[in-house]
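Student: Everything below, folded, please.
(chains A and B)
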Amino acid sequence: MIEVRNLTKHYGDKKAVNDISFTVNDGEILGFLGPNGAGKSTTMNMLTGYISSTSGQALINGIDILEDPIKAKSYIGYLPEIPPLYLDMTVHAYLNFVFDLKKCRLPRRSHMKDVMTLCKIQDVENRLIKNLSKGYKQRVGLAQALINNPPVLILDEPTVGLDPKQIIEIRTLIKRLGKNHTVILSSHILSEIQAVCDRVIIINHGVIAADDTATNLSNQVTTDHRIMVRIDGEKPAVLQAIRSIEGIEYVRADMEREKGVWEYEIEAQPNQDIRYEINRIARENNWNILLLKTMEMTLEDIFLKITMGEQVQVKNNKGGNE
Amino acid sequence: MGAIYRREIGAFFTSSIAYVFLAVFDIICGFFFTMDNLASSSVNLAGVFSTMFIISIFLIPILTMRLFSEEKKQKTEQGLLTAPVSLTGIVLGKYFAALTIFLIAVSIGFLYGVILSIFGTMAWMTLFSNFLAIVLVGGAFIAVGLFVSSLTENQIAAAVGAMVCLLLFFLVDLLAARLSSVTWLQNILYDLSFYTRYYEFTCGIFNLSSVLFFISVAVLFNFFTVRVFEKRRWS
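Tutor: Numbering: from 1, shown residues only, chains lettered A, B, ... in the order given. Down below sits the predicted model:
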C-alpha cells in the first residue's frame, strides 16, 4: 500500500509538485496521467526515494521513505523513465547484479528464470544489453524491477518504445501483476491507462486535477444533450428545422460527409434529450437520419479538458484523434 | 556493497580500463626498475616506489574517472539510488573496486623484491613499508578521484579534475619550499604534503601519523562523495 500525504517538491522557486495526497491500495493499478512536465516523474522519484520531498510524506507499506529508506526501498520495484541498464553487461549478468544489489533471498536460479520468462527475455539472456533493441531494453528494465518480487511496482512510462504487439504483451503482463502487486504506472498514452488501470490520477502543473476510476471520469462528463447527427436534406432547411426545436442552444453544420448529407453538431440545454425531436422533424420533412450519436467524452477529451482548462472544446468521438 | 564491488571489478575489465591501467603502470615501473636497480646493480627500491607515486597522480584519475560520471550519464545511478542499499555502501563498493585494481598494479613491487633477492640481500621490511605507503597514498588518491567523478557526468572532466587535484597535493611541496619566511604556513603546507610524508616511507621510516593522515584523507573524501549524493537528493 502506498500513502502519499501533502507531498511537495520545489526546484528553486519552481513548484514541480505541489501538495498532492493520494492512497493506492493493495492490488490496485493506479494510472498517473499528465502532460510532459506535469510532475509525474518527480512524484515517482520521490516515492522511490531517488529525490527527497520538500515537505510531505510518502509511506510505502506504512514505512516513510525518508525515515527508513532502505526498508521502504526494499518493497519497491522501480522502472524509471530511462531504464537503469549497464550497457556493457549481458542481460544475465545484469539481472544477477540486481539480484545481489537488492539482497534477494529467493532461490536465485528459479527466480531469475521466472522473471525472464515473465518478461520474455530468455532468448537474449546472454547478449550484451547495448546490442538489444529498445523494446528488449525496456523489458530488461521491467525484469530488473520485478526481481525480488517487490509488493509495490512503480513504472514510469513502461511501454515507451515498444511495438504495438509488445505494448499489448506488456499491458497484459502489468494487468496480471496488478492482481498481487500494488502498481503505479505513468503514461501519456490514454488508451493505455484506460486499458490497464483501475484508477486514474490526472496531474497537471504539479497538482492533482482529477482522481477517480476511468469509467467514473468518463461518466462525470457525459453529455446526453450534445449530439451529432447526419441527415440527408437541404442544409438551410435542416438547420432551420433544428433551430425551431425548443431548447436548442447551438447548432452547426459541420461538413458534407456524403453527397447531400451534412453532419450537424447540436447542443441543447443540459438534461434535455433531443433525439426524439430530431427524429420527429426528419419524419415530417421526409429526411433520413443516417447517423445519430451522443458525443461521449473519451478519456482523451477529459484529459485535455482538465489539463488545458476551458480553451478546449469538448470534441466528439470522430474528431477525437487530432 | 558486495554487489557493487563485484560489478565494478567486472566493469573495469570489460571496459579495458583495468588492462590499460595495469599495463601502463607496470611498464613504467618496469622501466625504472631496469634502470635504477638492474642496470645500476642496486637493491634499493626507493626509486621505483617514488616513480609509483608520480604515475599514480596521472593514472589513478583514469581508474576513477568513470566510476560515478558514467552512472550519471547513463542514468544508471537511479537504479543504485533506489535500490535498498545505503549511499555509503554504494561509494565504498566503488572505492574498494578501484583500490583492488590499484593493489594488483603495485603488488608488482614484490616481484621486483624476489628478483633482487636472487642477486643480493633484500631489505624486506623496507619493501613492506614502501608497499604499505603506496597503498595508503593510492587509497587517498582514489578517494579524491572518486569524489571528483561524482561531481560531473563527463569522464574527461572527471579525469582532468582529479589530476589537477592530485597535482596540487604534490605541488604543495614546491610552494612550501619557497615560503621559508612564513614558517607557520610552511609548516602547515609540509604537513599537508603527500610527497613529504610518502618520501619518509621510501627511506624506510614508518611514521604512524602519516599512516593516519592518508587514511583520514581517504575517509574524508569518501565522506564528501556520500555528501554529494545526499545533497543532490535534497536539492
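Student: Doesn't A:P84 belong to a helix?
Tutor: No: going by DSSP: H, G, I helix; E, B strand; the rest coil, the assignment for A:P84 is coil, not a helix.
Student: Pretty sure it sits against B:L81.
Tutor: No: between A:P84 and B:L81 there is no contact under C-beta atoms under 8 Å: 9.2 Å. Any C-beta I mention is one placed from the backbone N, CA and C, and that applies to glycine too.
Student: Name the residue closest to the centre of chain B, please.
Tutor: B:G138 (2.3 Å; C-alpha atoms, centre = their mean).
Student: got the contact list for that residue?
Tutor: B:S56, B:I60, B:L99, B:F102, B:L103, B:V106 (C-beta atoms under 8 Å, 6 or more residues apart in numbering or on different chains).
Student: Give me the number of neighbouring residues for the residue of chain B found nearest chain A.
Tutor: Closest contact between chain B and chain A, by C-beta to the nearest C-beta, is at B:G79 (2.9 Å). Neighbour count of B:G79, defined by other C-beta atoms under 10 Å in any protein chain shown: 25.
Student: Helix, strand, or coil at it?
Tutor: helix.
Student: Run through the residues that contact it.
Tutor: The contact partners of B:G79, by C-beta under 8 Å, 6+ apart, come to A:Y78, A:P80, A:P84, A:V98, A:L101, A:Q144.
Student: secondary structure element for the residue nearest to the centre of chain B?
Tutor: helix B:124-149 (DSSP states H and E).
Student: Could you check how far the residue nearest to the centre of chain B is from B:G93?
Tutor: Distance, B:G138 to B:G93, using C-beta to C-beta, to the nearest Å: 17 Å.
Student: do the same with B:V114
Tutor: Using C-beta to C-beta, B:V114 is found at 33 Å from B:G93.
Student: Specify which residue of those two has the higher count of neighbours.
Tutor: B:G93 (22 against 9).
Student: and the more buried one, which of the three is it?
Tutor: Going by three-state DSSP: B:G93 is helix.
Student: Enumerate every residue touching whichever residue of the stretch 201-322 of chain A sits closest to chain B.
Tutor: Closest to chain B within the stretch 201-322 of chain A is A:G206: 17.3 Å, counting by C-beta to the nearest C-beta. By C-beta under 8 Å, 6+ apart, A:G206 lies in contact with A:K9, A:K15, A:A16, A:V17, A:N18, A:I20, A:A38, A:G39, A:T42.
Student: what about the first one, neighbour count?
Tutor: The local packing count at A:K9 equals 22, with neighbours defined by other C-beta under 10 Å.
Student: I'd like the distance between A:E277 and A:Y264.
Tutor: 13 Å.
Student: Correction: the previous question concerned A:A241.
Tutor: Taking C-beta to C-beta, one finds A:A241 at 10 Å from A:Y264.
Student: Over to A:L291. Which of the three states is it?
Tutor: strand.
Student: Now it. Nearest residue, chain neighbours left out?
Tutor: In this structure, A:L291 finds its nearest non-sequential neighbour in A:R230, 4.1 Å apart by C-beta to C-beta, 6 or more residues apart in numbering or on different chains.
Student: Any stretches of the stretch 151-300 of chain A with poor pLDDT?
Tutor: A:218-225, A:296-300 (pLDDT under 70).
Student: quick one: secondary structure of whichever residue of it sits closest to chain B?
Tutor: Nearest to chain B, among the residues of the stretch 151-300 of chain A, is A:I154, at 8.9 Å (C-beta to the nearest C-beta). Following three-state DSSP, we place A:I154 in the strand state.
Student: And for B:T121?
Tutor: B:T121 - assigned by three-state DSSP - is coil.
Student: Please tell me how far it sits from B:F131.
Tutor: Per C-beta to C-beta, B:T121 is found 18 Å from B:F131.
Student: In contact with residue 143: list those residues for me.
Tutor: Here I'm looking at chain A. Contacts for A:A143 were tallied using C-beta under 8 Å, 6+ apart; they are A:V91, A:L95, A:V115, A:M116, A:L118, A:C119, A:I121.
Student: The chain in question should be chain B.
Tutor: B:Y95, B:V217, B:A218, B:V219, B:L220, B:F221, B:N222, B:T225.
Student: Quick check: mean pLDDT of the one helix or strand the fifth one maps to?
Tutor: Counting by DSSP H and E, the element that carries B:L220 is helix B:208-234. Model confidence over helix B:208-234 averages 92 on the pLDDT scale.
Student: again, but for stretch B:180-188
Tutor: 85.
Student: what's the answer for stretch A:86-101, then?
Tutor: pLDDT averaged over stretch A:86-101 gives 93.
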